[in-house]
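> Show me how the following folds:
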Amino acid sequence: MGAIFFLAAAVLAVAFTPLSKIAAYRIGAVDQPDGRRIHTRPIPRLGGVAMYAAFWLVALPAAGENATVRGLFLGSSLLLLAGIYDDARGLAPWPKLLCQCLAAAVPFAFGLRVEQVVLPVAGPIALGSWGYVFALIWIVGLINTVNLCDGMDGLAAGVCGMAALVLAWSAYRIEQQTAALLLLVLAGTALGFLRCNFHPASVFMGDSGAMFLGYILGGVSLMGTLKTATVVSLFFPLLVLGVPLIDISFAVLRRALTGKPIAAADKGHLHHRLLDVGWSHRQAVIVLYVLSFLFCLAALLMARQLWLPAALLVALNLAVIVTIMFRRFRLASSKK
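Down below sits the predicted model:
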């Protein structure tokens with residue numbers, strides 16, 4: 001049954017994407033090339049509408065009468081509207097963050113919360129009202145992680161598609177059927193959209209799409225932990241999204257050290273560094289896909305309690321990523 005939902009979402013994403021391109025041109029949601037962007041021609045950036053429609057047309061019937069899913073639907077609808085406005089007119093960082101927080105809080109009224117965290121030695125620790133704060137930070141954090149990951153054709157869609165598949169496996173493993181189905185639908189949506197988004201992309205997902213993917217990953221990953229979250233279960237989604245999380249960590253550190261606002265855009269991301277040393281657009285994306293796959297594999301090994309192979313894979317990935325991040329500086333210094 002899960003495979004049917006996955007395929008249905010993929011087919012709908014492929015079908016709706018051309019319609020989102022038409023809508024993008026009509027409302028002016030078109031990404032114009034400039035000095036920071038990689039593409040060299042105007043490209044519509046309203047693919048998030050196609051992903052939203054494909055996902056919920058499959059997910060709502062699949063989930064049945066689930067209150068938390070209805071909350072995620074309402075919250076993602078609010079976030080989509082903010083994303084559409086941002087793609088068409090531009091939205092300042094603080095109003096955008098406010099919209100993200102409001103959207104993340106909507107599912108709380110429908111039962112989404114983390115009541116306690118289970119630590120390996122200390123055991124369960126009741127969070128009380130702090131559980132809502134934790135959930136809010138979790139969802140908003142993943143929204144912005146995916147949003148900042150969306151810097152190359154097919155990068156965010158491919159990475160999120162892989163992450164959703166691995167998280168679906170994890171949810172099935174702990175008998176969280178609804179969360180698993182939603183994640184399979186999300187994977188189908190992302191990978192179906194990838195057909196038009198892989199380089200050379202004919203459409204971008206825009207902030208409407210990147211924020212939607214992060215929102216659903218954040219909300220559904222909390223659903224998959226029930227009301228009690230273990231450290232391992234929370235670490236699992238962070239590990240499968242290791243590439244964008246490490247990239248955003250470097251970005252925050254880089255901007256803090258140079259005195260720039262954290263929300264300021266720059267050309268220091270992982271994909272920019274790969275392009276700087278001569279990789280083609282497709283090659284750079286494939287390298288990041290491989291790194292993401294290795295993080296997903298490490299998460300699967302960790303779930304099987306194969307701690308040493310998982311740790312070795314993570315260490316290997318970190319070494320490669322650090323090498324990529326600092327390679328540009330060595331080249332720059334050698335030219336002086």
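> so where's the stretch 201-336 of the chain uncertain?
Within the stretch 201-336 of the chain, the ranges that satisfy pLDDT under 70 run 224-232, 327-336.
> I'd like the distance between Leu300 and Gly219.
22 Å (C-beta to C-beta, to the nearest Å). Placement of C-beta: from N, CA and C, glycine included.
> Neighbour count: these two, which is higher?
Higher neighbour count among Leu300 and Gly219: Gly219, with 28 against 19, using other C-beta atoms under 10 Å.
> Which of the helices or strands spans the more buried one?
Gly219 belongs to helix 206-223 when elements are defined using DSSP states H and E.
> and the residue nearest to the spatial centre of the chain, what is it in contact with?
Nearest to the geometric centre of the chain sits Val146, at 3.4 Å (C-alpha atoms, centre = their mean). Residues near Val146 by C-beta atoms under 8 Å, 6 or more residues apart in numbering: 156, 160, 210-211, 213-214, 217, 241, 244.
> How about it, nearest residue that isn't a chain neighbour?
Take Val146 and drop its neighbours on the chain: the residue closest to it by C-beta to C-beta, 6 or more residues apart in numbering is Gly214, 3.4 Å away.
> quick revisit: for the record, mean pLDDT for the helix or strand where the residue nearest to the centre of the chain lies?
Counting by DSSP H and E, the element that carries Val146 is helix 130-149. Mean per-residue pLDDT for helix 130-149: 93.
> what's the angle from that helix to helix 206-223?
Interaxial angle, helix 130-149 versus helix 206-223 (axes from the mean of the first three to the mean of the last three C-alpha atoms, to 10 degrees): 140 degrees.
> Show me where the stretch 151-300 of the chain has its helices.
155-173, 177-197, 206-223, 231-240, 242-258, 270-276, 281-303 (DSSP state H, counting those that start in this stretch).
> among the ones you listed, which is nearest Trp138?
Nearest of the helices of the stretch 151-300 of the chain to Trp138, taken as C-beta to C-beta: helix 206-223 at 5.7 Å.
> Identify each buried residue in the helix ranked longest in the chain, please.
If you go by DSSP state H, the chain has its longest helix at helix 307-334. Across helix 307-334, burial judged by 16 or more other C-beta atoms under 10 Å covers 310, 313-314, 317, 321, 324-325, 328.
> okay, the angle between that helix and helix 281-303?
Angle of helix 307-334 versus helix 281-303, following the same axes, to 10 degrees, is 150 degrees.
> What is the distance between helix 307-334 and the centre of its chain?
Offset of helix 307-334 from its chain centre (C-alpha atoms, centre = their mean, to the nearest Å): 22 Å.
> Remind me what that helix packs against, helices and strands.
Contacts defined by 3 or more C-beta pairs under 8 Å, 6 or more residues apart in numbering; DSSP states H and E place helix 307-334 against helix 242-258, helix 270-276, helix 281-303.
> how about those helices in a markdown table, adding distance to Leu78?
What follows is the helices and strands packed on helix 307-334, written out as a markdown table (distance: least, C-beta to C-beta, whole Å):
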| stretch | distance to Leu78 |
| --- | --- |
| helix 242-258 | 23 |
| helix 270-276 | 30 |
| helix 281-303 | 29 |
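> Could you list the buried residues of stretch 91-107?
Under the neighbour-count criterion of 16+ other C-beta under 10 Å, stretch 91-107 has 91, 96, 99-100, 103-107 buried.
> Please export the C-alpha coordinates of it as CSV.
Extracted in CSV, the C-alpha atoms of stretch 91-107 (Å, rounded to 0.1, in the frame of the first residue of the first chain):
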residue,chain,number,x,y,z
LEU,A,91,9.6,38.6,2.5
ALA,A,92,12.0,40.1,5.0
PRO,A,93,13.7,37.6,7.4
TRP,A,94,11.9,38.5,10.6
PRO,A,95,8.3,38.3,9.1
LYS,A,96,9.3,35.1,7.4
LEU,A,97,10.5,33.6,10.8
LEU,A,98,7.2,34.8,12.4
CYS,A,99,5.2,33.0,9.7
GLN,A,100,7.3,29.8,10.3
CYS,A,101,6.7,29.9,14.0
LEU,A,102,3.0,30.4,13.6
ALA,A,103,2.8,27.5,11.1
ALA,A,104,4.9,25.3,13.4
ALA,A,105,2.6,26.1,16.4
VAL,A,106,-0.7,25.2,14.6
PRO,A,107,-0.3,21.4,15.0
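> which residues are in contact with it?
By C-beta under 8 Å, 6+ apart, stretch 91-107 touches 68, 71-72, 74-76, 78-79, 82, 85-86, 132, 135-136, 139-140, 143-144, 207, 211, 215, 218-219, 261, 263.
> Give me the mean pLDDT for it.
The average pLDDT for stretch 91-107 rounds to 96.
> ok, the closest residue to Val240 other than its chain neighbours to Ser170 distance?
What sits nearest to Val240 in space, not counting adjacent residues and going by C-beta to C-beta, 6+ apart, is Ala163, at 4.3 Å. Between Ala163 and Ser170 the distance is 10 Å, computed by C-beta to C-beta.
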